[in-house]
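Undergrad: Whatever this is, show me its structure:
(2 chains)
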Amino acid sequence: MNKRFLQNVRFAPANASFVNDVFHLKSKASLVHKLSESTHLFLTSSLQSSIFKLGFASDTFTVNRLINSYVKLRETHTARKLFDEMPEPNVVSWTSVISGFNDTGQPQTALSMFQQMHEDESVAPNEFTFASVFKACSALAESRIGKSIHARLEMSGRRSNTVVSSSLLDMYGKCNDVETARRVFDSMIGCGRNVVSWTSIITAYAQNARGHEAFELFRTFNSDTTTLDRPNQFMLASVISACSSLGRLQWGKVAHGVVTHGGYEVNHVVATSLLDMYAKCGSLSCAEKIFLRICRHSVISYTSMIMAKAKHGLGEAALQLFDEMVAKRIRPNYVTLLAVLHACSHSGLVTEGLGYLNSMVEKYGVVPDPRHYTCVVDMLGRFGRVDEAYALAKTIEVGGEQGALLWGALLSAGRLHGRVDIVGEASKRLIESNQQVTSAYVALSNAYAVAGGWEDSESLRLEMRRGGNVKERACSWIEIKDSVYAFHAGDLSCDESGEIVRFMKDLEKRMKERGHRGSSSMITSSSVFVDVDEEAKEEIVSLHCERLALAFGLIHLPEGSTIRIMNNLRMCRDCHEAFKLISGIVEREIVVRDVNRFHCFKDGSCTCRDFW
DNA sequence: AAAGCGTTGC
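TA: This is a model prediction of the structure:
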């Protein structure tokens, strides 16, 4: 039959081009189909030569598929070359190449392509293009450019698209403009929000230190009856991260319940966020349990666990884990080295810490940056090597926020060891660079007061008041079952009878007797400092509150319960000592008024109780 | 044919 057909063709020239077309189109269809399945550069480039031989080099649709195949293989350069040779690129061609640059970490090039598209004026961007371009702005945290493109979007009338709006709100979130992100989210009520847009707004709050609102939105999403979407791995990782930064174990457990329910425990990003959450909420054992369940470890899971051990005072175990990671050929990054230095700093491994700082380039290929130096300055300072800390700090040229952290570390060192000269130098640098001005003034004022320069101290305090510098109030809090009890620095109104202070003094005495070091003289020194300045008192009371919280937990929790203490300054480095001590103390009756009672999540939906 | 969301540091 075929034979006869071909014979007919031979004698019917009028039909020849028709058959030729059919043959070509059939070949094209199969080539394009093969392209979409190609996962190897070799296959894609041989398909390209076949396509070109058949004469489809100018066919926009076919070349778009080709470009797309190269983009999937991350061959952005080849994709761009093909694009540049196209006689008539359309919006798909432009968008494919722009998203290719996004996917290969070249958002700047993606943006310049968009600019070129704008100047060309031959093709108008559509929803797909805008979504890609906002993603590029997110990556660059470029709100200025993002806003101007947002204006173009509004003019084009293409806003009522869930994907575009999500990318837009995500961009505002990444540029730290949460209010605008929220406005975009609120405006999406008509075009339909989905799990991605909810995740974007939750992430915007979570990444901008507004964890409460992030969690509140998560709850709203879960009780929203208008959507069939359930939380996915992206949303959960973000929500869990919010719980970590809030130090709210109960909320973290609720999120863990949702993870288990949705079967997302195997996702390594979710698992890593859970690990970090348990560690930051004080449960090292749960963190470790999660860590051991992770099958394929990444640099992030190891770094999180090293940091967890470091913050819980287990410096040697942290370093051991670091060795294990290196042995597994997982390459450490700058955060890993920060965790390692923290481990040394928090466990008094000064020599080891200096060793890591000096060998990190050569051994691990990580160039130390100001954050690593700050960590080492802090470590030297804590262990009395203040002059070395100062000498090191002077060699680092850094300003802005990083500079403030560096000189802030030195300031603490000077204060801890009563070095007025160091406090003076560090304060001067902070005040000059207009960073942490309040703490600097307070510390300086205290240093003068200690050295007997009462007049200087007084004039500084006046200067502070005139400048309107107000220090954020420190607070500690404790979770007991479903409630959170908060204690604010300087506020001992919960101690009407003075019994707490007596208890603290007793506790402190016992701690000293057992050789507990650190800021152990907070109560006795308070009587010295109380007339001088608020700062010392704040720190003192903040520490009091941790002990207070301990005492509180001891009284209200059944035997064997875990007590978690958090504060908004840093993880309590004395917790381990305090725990050891408190376990030997007989229960006492103390009447404590609830200072503050946050609204708390009643955990009814948790499905993984067996985990704890 | 092309698009949007997540984890480690302070």
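
Undergrad: Contact partners for A:Glu85?
TA: Counting by Cβ atoms under 8 Å, 6 or more residues apart in numbering, A:Glu85 touches A:Ala57. Glycine gets a C-beta too; all of them are placed from N, C-alpha and C.

Undergrad: wait, is A:Val266 part of a strand?
TA: No: checked against DSSP: H, G, I helix; E, B strand; the rest coil, A:Val266 lies outside a strand; its state is coil.

Undergrad: Please give the number of neighbouring residues around it.
TA: 12 (other Cβ atoms under 10 Å).

Undergrad: Distance check, it against DNA strand B.
TA: Remark: distance between A:Val266 and DNA strand B (Cβ to the nearest atom of the strand, to the nearest Å) = 10 Å.

Undergrad: residues touching that residue, list them.
TA: The contact partners of A:Val266, by Cβ under 8 Å, 6+ apart, come to A:Cys295.

Undergrad: next one: the one 10 residues further on
TA: A:Asp276 makes contact with A:240-241, A:244, A:287, A:304, A:307-308 under the criterion Cβ under 8 Å, 6+ apart.

Undergrad: which residues of chain A score low on pLDDT?
TA: For chain A, the stretches flagged by pLDDT under 70 are A:1-26, A:435-612.

Undergrad: quick one: is the helix or strand containing A:Ala139 near DNA strand B?
TA: Here A:Ala139 sits within helix A:127-140, counting by DSSP states H and E. Yes: part of helix A:127-140 sits near DNA strand B under the criterion Cβ under 7 Å from any atom of the strand, namely A:127-129, A:131-132, A:134-135, A:138.

Undergrad: One more: stretch A:327-334?
TA: Yes: residues of stretch A:327-334 contacting DNA strand B under Cβ under 7 Å from any atom of the strand: A:Asn333.

Undergrad: contacts for that stretch?
TA: For stretch A:327-334, contacts defined as Cβ under 8 Å, 6+ apart pick out A:297-299, A:302-303, A:322, A:325-326, A:340, A:364-367, A:369, A:371-372.

Undergrad: Keep only those that also lie close to DNA strand B.
TA: A:298-299, A:303, A:371.

Undergrad: Can you classify the residue in the stretch 401-550 of chain A positioned nearest to DNA strand B as helix, strand or coil?
TA: Relative to DNA strand B, the nearest point of the stretch 401-550 of chain A is A:Leu405 (5.7 Å; Cβ to the nearest atom of the strand). Judged by three-state DSSP, the three-state class of A:Leu405 is helix.

Undergrad: Skipping its backbone neighbours, what lies nearest it in space?
TA: A:Thr374 (5.1 Å; Cβ to Cβ, 6 or more residues apart in numbering).

Undergrad: cool, and A:Leu169?
TA: A:Val184 (4.0 Å).

Undergrad: how deep is that neighbour tucked in, by neighbour count?
TA: The tally of other residues near A:Val184 (other Cβ under 10 Å) stands at 25.

Undergrad: Which strand or helix spans the residue nearest to A:Ser345 when sequence neighbours are not counted?
TA: Using Cβ to Cβ, 6+ apart and skipping the chain neighbours, the partner closest in space to A:Ser345 is A:Met379 (3.6 Å). Here A:Met379 is covered by helix A:370-382, with elements defined by DSSP H and E.

Undergrad: From the contact counts, what lies against the helix or strand just after that helix?
TA: Using DSSP H and E, the helix or strand that follows helix A:370-382 in sequence is helix A:386-395. Judged by 3 or more Cβ pairs under 8 Å, 6 or more residues apart in numbering; DSSP states H and E, helix A:386-395 is in contact with helix A:370-382, helix A:400-416, helix A:420-432.
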